[in-house]
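A.B. asks: sharing a model prediction with you, sequence too.
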Amino acid sequence: MDKHITTPITAEVTQNLYAGDYIYISGTVYVARDAAHKRFMEALDRGEELPFPIQDAIIYYMGPSPAREGRSIGSAGPTTASRMDKYAPRLLDLGQKAMIGKGKRTQEVIDAIIRNQAVYFAAVGGAGALLSKCIKASELVCYGDLGAEAVLKLEVEDFPVVVVIDKDGNNLYETAIRKYAK
């Protein structure tokens with residue numbers, strides 16, 4: 001089923017998202033990969049605030065390429081989510097409600113998704129140039145020294161994703177394999 005949602009992503013929103021749903025996201029999405037996640041954990045361990053509001057936020061695991069003239073961002077395809085698996089449960093427990101990436105997640109992440117009524121979305125790998133057309137604005141939030149791994153704030157419009165793991169732990173990667181095997 002196709003659904004259009006607007007950020008922030010609250011528990012009320014995730015209650016109606018199911019593995020296999022096609023979703024179009026509009027609003028604010030934050031970009032962070034493993035180097036930024038490591039810094040998040042270090043900041044939290046020091047008792048510091050995160051550089052953006054994590055409550056009901058979406059983090060997109062993506063390393064953008066430089067913007068072409070007249071564009072807010074270059075190619076913006078997803079990166080492998082498992083690189084963030086050691087950090088994701090803590091962020092979910094702090095109120096993050098959604099992640100966008102590609103690939104499977106560990107059982108610890110799935111447990112945290114269920115515990116926090118969150119969701120994991122997949123964006124289509126290899127379609128970064130097309131996905132970038134849904135990004136209307138991009139601004140540096142922090143960690144500019146990390147280059148492509150800096151934290152960005154994106155404004156997106158009808159950004160296409162698929163619910164891979166829903167709030168109940170239903171996992172499209174598992175159900176699709178079983179369905180195909182039949």
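C.D. replies: Thanks, I have the structure now. Numbering: from 1, shown residues only.
A.B. asks: quick one: the strands in the chain?
C.D. replies: Residue ranges of the strands in the chain, as given by DSSP state E, are 2-6, 22-31, 58-60, 98-101, 119-122, 135-142, 151-165.
A.B. asks: ok, residues contacting the shortest one?
C.D. replies: Taking contacts as CB atoms under 8 Å, 6 or more residues apart in numbering, the residues outside strand 58-60 that touch it are 7, 9, 25, 28-32, 78, 84, 91, 96-101, 121, 123, 154. C-beta coordinates here come from the backbone N, C-alpha and C atoms, glycine included.
A.B. asks: how close does the residue nearest to residue 77 when sequence neighbours are not counted get to residue 62?
C.D. replies: Spatial nearest neighbour of residue 77, excluding adjacent residues (CB to CB, 6 or more residues apart in numbering): residue 128 at 2.8 Å. Counting by CB to CB, to the nearest Å, the separation of residue 128 from residue 62 is 8 Å.
A.B. asks: more crowded one of these two?
C.D. replies: residue 62 (27 against 19; other CB atoms under 10 Å).
A.B. asks: wait, what's in contact with the more buried one?
C.D. replies: Here residue 62 is in contact with 31, 33, 76-79, 100, 123 (CB under 8 Å, 6+ apart).
A.B. asks: now stretch 134-152, how far from the chain's geometric center?
C.D. replies: 14 Å (CA atoms, centre = their mean, to the nearest Å).
A.B. asks: ok, back up a step: would you quantify the distance from the residue nearest to residue 77 to residue 45?
C.D. replies: 33 Å.
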